[in-house]
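**Q** this is a predicted model, with the sequence first.
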Amino acid sequence: MVGSMIFFKRPILLKGHERSITVVKFNFDGDLLFTGSKDHIPSVWRSENGERLGTFSGHKGTIWDLDVCRFTKRVLTASADMSAKLWDCETGECIKTFTNPGPVRGVAWADGSNMFATISDPFVEHNAQISVYDVPENDDPSDYSDSPRLEIELPKIDGKRVNPTNIVWLNLNEALFVTFDNGSIRLYDPVTGEELDEFFPHEKKINRVKFNQDKTLFITSSADFTSKLYDVVDLRHLKTYKTSAPVNDAVMSETKDHILLGGGQEAMSVTTTSGKAGKFETRFFHLVYEEEFGTVKGHFGPINALAINPNGRCYASGAEDGYIRLHHFDKSYLDMKDPVPEGPVDGEDEDDDDDEEKEEEGSDDDSD
C-alpha cells in the first residue's frame, strides 16, 4: 500500500451538525453538497469552499437519507419521525410532508423527477414498506396526494423481519432496486409492485449502495468487511474489495478507475478504541485490480457516508464524530496516471508501428 500516491490540499472541516453524520450527497452538477445527520436538520454547502448556504428545518427525528432532483430544484428527505418531506431547494421551504407507516429509511427520485419512492422500517403492527408517490413538478403542490400511488408491503420471512436499507430507481424507471439487512437485493416493478428478482451479494447487512452517474455499475457496502462491484444490466458480480472493518459506504470516481471505501469499527465500541485501531480512514482502491493504494485519515469515529464530486476533483466524508471533511484533490493526484498499458500517444498511429515492423522484416529478408 502506497499512501503517498494521494495528495490533497488541506481539507475543509464543515462544522454545521451537532450529532453523527448519516448522509452526504453532491447534486448532479457537483457545485452543492447536501448533508444529513441525527440532529434533525439537513444542510446545504457550496462544494468549492465549504460555505454553508442554508438548512431545511422541520423534521423531528434523525435524517436517514436525502435526494436531490436532476436540476437541483427540489430536495427530498427521509426521517425517523415517520415522514418524508419535499423541499424547495432555493428557498428552503417545505412544499409537502408525506407520512409513512414507520421510520423512513431511504428516499429516491425517479428519472424525470415527477415521482419518488420511500422505504420505511417496520413499526408496531406495520411491516416494512415501499411507497411510491406522484409529485409532478408542473402541478400545484396542494394537488399532491397524501397517500402513495403504490404500496409494496415487505412481510416477515420465516417469522423474522427483514428491513430495507436503500432504494434506487434503475434507468428509465424500469425497476425499484432495494437492498436489505439480510444481505439481499430485490428488484420490484414500480407499476404493479411485483417482485422481479432477488439475489444475495452479501451474508450480512448491506449498509449502502451507490451507482455511477449513468447507472451502469453499482457498488455495495456491507458489514461483512467487503464491498462488491456489479454490472447493472445482468447483475453480474465483477470485483470484490476487502477490508479489515465493516464498510459503511463506498463510491466510484467518475473520472478515474478508483473506489473510495469508508467505515470502521462499530460506533458503540469507539470509546474503547484509538483512531488508528478503529480504522476510521477513507481507503482508496483501484477499481480493476482490487488493490488498496492509499488511505486518508482525520476522523475520530466510523465514517458513515462518502460522496465524490461528479467532476472528480473533491470528495466529502461524514462520520460518527459529527464532522464532514471536504477534501479537494491536488493537481498531482488529478494528473496521476494509473499503471496500466496505455494506447498510442496522440499523433501516433498503431498502423505506423506495423509499417515499421514490416520494413524491418523486409530488410532482414534482403540480407538473407
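**A** Cool, got the structure. Residues are numbered from 1 along each chain as shown.
**Q** going forward, measure contacts and count neighbours with C-alpha atoms only.
**A** Will do.
**Q** so for Trp169, what's the pLDDT?
**A** On pLDDT, Trp169 comes in at 98.
**Q** which residues touch the closest residue to it other than its chain neighbours?
**A** Once flanking residues are discounted, Trp169 sits nearest to Leu176: 4.8 Å by C-alpha to C-alpha, 6 or more residues apart in numbering. Residues near Leu176 by C-alpha atoms under 8 Å, 6 or more residues apart in numbering: Ile167, Val168, Trp169, Leu170, Leu187, Tyr188, Asp189, Pro190.
**Q** dig out what Leu176 forms beta bridges with.
**A** Taking DSSP bridges as the rule, Leu176 bridges to Trp169, Tyr188.
**Q** sorry, back to before: which one of the contacts of Leu176 is nearest to Met82?
**A** Ile167 (16.4 Å; C-alpha to C-alpha).
**Q** what does the closest one show for phi and psi?
**A** Torsion angles at Ile167 (phi, psi; degrees, to the nearest 10) stand at phi -140, psi 140.
**Q** low-confidence stretches in this structure?
**A** Scanning the chain for pLDDT under 70 picks out 1-8, 267-278, 339-368.
**Q** measure stretch 195-203 end to end?
**A** Stretch 195-203 has an end-to-end distance of 21 Å (criterion: C-alpha to C-alpha, to the nearest Å).
**Q** hmm, who's touching it?
**A** Stretch 195-203 has contacts (C-alpha under 8 Å, 6+ apart) with Asn182, Gly183, Ser184, Ile185, Arg186, Leu187, Tyr188, Asp189, Ser222, Asp224, Lys228.
**Q** who's in contact with the second one?
**A** When the contact criterion is C-alpha under 8 Å, 6+ apart, the partners of Gly183 are Phe200, Pro201, His202, Glu203, Lys204, Lys205, Ile206, Ser222.
**Q** can you check the fourth one too?
**A** Counting by C-alpha under 8 Å, 6+ apart, Ile185 makes contact with Phe177, Val178, Thr179, Glu198, Phe199, Phe200, Pro201.
**Q** which of these has the most neighbours?
**A** Neighbour tally across those (other C-alpha atoms under 10 Å): the maximum, 26 neighbours, falls on Thr179.
**Q** is it true that that one touches Trp169?
**A** No. The pair Thr179 / Trp169 is not scored as a contact, 12.0 Å apart, by C-alpha atoms under 8 Å.
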